[in-house]
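Novice: No sequence on hand, only this structure:
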């Protein structure tokens, strides 16, 4: 069984036409579209995972994965629901939290 990570993206109105870039240890390993799910084989050990879109990005998740282990993550836009009114904040001061990323 390979060592893998799976990333799923929520379906919200914000960014529905844009793909999020998936960065593992600072390097782009792929992109994920609206409501999509991606799977990647990774080396065992410690890693950093982050999502980016244009100027905005997510929090950075640090994790350790063992050989033959699988881990799952979810991501999405912070502008879901009522937070759409905060678009100007996330486009300026809150760009580091424009997206969110969690381990499931």
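Specialist: Sure thing, it's come through. What you see is a predicted model; the values in this text were computed from it and never measured. Numbers count the residues shown, from 1 in each chain.

Novice: Heading C-terminal from the lowest-mean-pLDDT helix or strand in the chain, find the next helix or strand.
Specialist: One helix or strand of the chain scores below all others by mean pLDDT, DSSP states H and E: helix 87-91, with a mean of 80. Toward the C-terminus, helix 87-91 is succeeded by strand 99-103 as the next helix or strand (DSSP states H and E).

Novice: Note down every partner strand of that following strand and its orientation.
Specialist: Here strand 99-103 is paired, per DSSP bridges, with strand 70-77 (antiparallel).

Novice: If we go by neighbour counts, what in the strand it pairs with is buried?
Specialist: Along strand 70-77, these residues count as buried under the neighbour rule (16 or more other CB atoms under 10 Å): 71, 73, 75-77. Backbone N, C-alpha and C define where each C-beta goes, glycine included.

Novice: Same question for stretch 54-70.
Specialist: So, applying 16+ other CB under 10 Å, buried residues of stretch 54-70: 56-58, 61, 65.

Novice: Then stretch 26-35?
Specialist: Buried-residue list, stretch 26-35, by 16+ other CB under 10 Å: 29, 32, 34.

Novice: hmm, who's touching that stretch?
Specialist: 7, 9-11, 15-17, 19-23, 38, 40, 48, 51, 75 (CB atoms under 8 Å, 6 or more residues apart in numbering).

Novice: quick one, strands of the protein?
Specialist: Using DSSP state E, the strands of the chain run over 4-9, 20-24, 27-32, 37-41, 45-53, 56-57, 61-65, 70-77, 99-103.
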